[in-house]
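# Got a sequence here, can you build the structure:
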Amino acid sequence: MIFLHRARRHCSLGQSLLRTNLGGSWSLGMGLVARVHVLLHLILKPSFAKKLNADGFSPLHLAVENQQDKLARELAKFDPSLVRIRGRGGMTPLHLVARNGDVELLTEFLLACPESITDANVNGETALHITVIYDRFEELKLLTGWMQKRRNSVGAFTEIHVLNRRDRNGDTALHLAADRNNHKVVKKLLKCMTLDRNIQNNNDMTALDVLRANRSPMSKDTEKIIKKSGGKTRCSLSKVEKMSEFLRKPVTFREYCKTKLIRYRSHVTDGSRNALLVITALIITATYEAVSDPKELKGEVTWHAIILNVLMIWGFNTTAFIASIVLTFILLPVGRAYTRWYMFITVPLVCSYAISIYMMYESVALIILYLMILFGFLVYLLVFYVRWKRTTLKKVSKPKIELISQDFTKTTV
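Residues are numbered from 1 along each chain as shown. A predicted model of the protein is given here:
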């Protein structure tokens, strides 16, 4: 009871302090006692920390603006969601730290609330945009390093999303750096592998176009590194197909097959997919072991016995082996990484299977015919993969249409 009575008394004092500070300016001489009062009040009334004053600032905004780093860290640890509170102009406390410049506090905020790096203000600017605008190079290095070194499941998506995020003018961080001819910032951003060098802003200008529009004599070195990393002008880019044009085009047989395949993948539940993958793995194992440890032909070896053994037994065995590999590929989730690793694993496996059959018989004619069939199938898979890879590499930024649905985008297997 005595503790609660003292806590309420401290809370009333802290409330008066906060009300005074939220109504006007934050006292720069605020000491440890005032911070304790503030935290006691927030513990007893957490919703108060999310309220904005007349100027559109929360307690965490004010702590950052007035360089009260210790209080800002304590507030972020008390409630990590405070880092994402939008104040005046949609600015979050993370945006203020990126603008004012404080590497240590920026790190604390990112550790407390990693999702805050994706937040944007009313101008569509993320913390990465703000570091470029206010020339905060150390903070920019921290943000890019944070995105590149995250190892969780959403790390890759966050990196692609933030690096290629466009503001209200359609400018990415690379556009802003090129507009300011900031060579070291451009060089740092271009080291990020997931950065799209050829995104066009609302004026249909790439970063290279923006740099050339400045006509600065000091921009030649910057232009060289952009070109070297794959940057192009809008005239050099292939024409982007609009969504309306894509939807009006007739459906080809290849698109029909892809659509059916994607629909099948999306309708298969995780339980069914896991069960089918286990079955296909067992079939692949059994059929491969049958080749690696074959049974010798008993009695007189004749052409009839060889043909029966090759075409009937090993033909069915190979059909099951190839069908299981294809079905496993169909059941895998959509993604370049899955396809690349699957091809890297299965191609040597199929080659080993074919070599095992070759070493089993002395009939050269039948073995050559058999290997030609397998080789043709492998060539078909390789050509299909190369064509798919080229189509993905030739893609540029998405059409600038507001109403774009992922259900209608071109799907790749």
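# can you list the weak-confidence ranges in the stretch 101-250 of the chain?
217-218, 240-241 (pLDDT under 70).
# how about the strands in it?
Assigned strands in the stretch 101-250 of the chain: none (criterion: DSSP state E, counting those that start in this stretch).
# Quick check: the gap between the nearest residue to Glu104 once chain neighbours are set aside and Arg215.
Spatial nearest neighbour of Glu104, chain neighbours left out: Asp69 (7.5 Å); criterion: Cβ to Cβ, 6 or more residues apart in numbering. Any C-beta I mention is one placed from the backbone N, CA and C, and that applies to glycine too. Applying Cβ to Cβ, to the nearest Å, the value for Asp69 to Arg215 is 43 Å.
# Looking at those two, which is more packed in?
Between Asp69 and Arg215, Asp69 has the larger neighbour count (other Cβ atoms under 10 Å), namely 15 against 7.
# confidence score at that one?
On pLDDT, Asp69 comes in at 88.
# backbone phi and psi for it, please?
The phi and psi values for Asp69, taken as degrees, to the nearest 10, are phi -60, psi -40.
# mind listing what the residue nearest to Glu104 touches?
Ala63, Asp102, Glu104, Leu105 (Cβ atoms under 8 Å, 6 or more residues apart in numbering).
# Now rank those by neighbours and give me the top one.
With neighbours taken as other Cβ under 10 Å, the top of the contacts of Asp69 is Ala63, carrying 28 neighbours.
# Surely Val162 and Asp119 touch.
No: shown here, Val162 and Asp119 do not form a contact pair, counting by Cβ atoms under 8 Å, at 9.9 Å.
# Quick check: the gap between the nearest residue in space to Ile330 that is not next to it in sequence and Met243.
Excluding the flanking residues, the one nearest Ile330 by Cβ to Cβ, 6+ apart is Leu261, at 6.5 Å. Separation of Leu261 from Met243 (Cβ to Cβ) stands at 22 Å.
# the more surrounded of those two?
Legend: neighbour count by other Cβ under 10 Å for Leu261 and Met243, higher for Met243 (18 against 15).
# my guess is Gly231 meets Ala207, correct?
Yes: counting by Cβ under 8 Å, Gly231 does reach Ala207; the two are 6.0 Å apart.
# which residues does Glu159 contact?
Listed by Cβ under 8 Å, 6+ apart, the contact set of Glu159 reads Met147, Gln148, Arg150, Cys192, Thr194.
# Now those in a markdown table, please, with extra columns for distance to Leu128 and neighbour count.
Output for those, formatted as a markdown table (distance: Cβ to Cβ, whole Å; neighbours: other Cβ atoms under 10 Å):
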| residue | distance to Leu128 | neighbour count |
| --- | --- | --- |
| Met147 | 9 | 22 |
| Gln148 | 12 | 15 |
| Arg150 | 14 | 16 |
| Cys192 | 10 | 19 |
| Thr194 | 13 | 14 |
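# ok, those residues vs His95, which is closest?
Relative to His95, the closest of the contacts of Glu159 is Met147; by Cβ to Cβ it sits at 16.2 Å.
# ok, of the contacts of Asp69, which one's closest to Arg180?
Nearest to Arg180 among the contacts of Asp69: Asp102, at 21.8 Å, using Cβ to Cβ.
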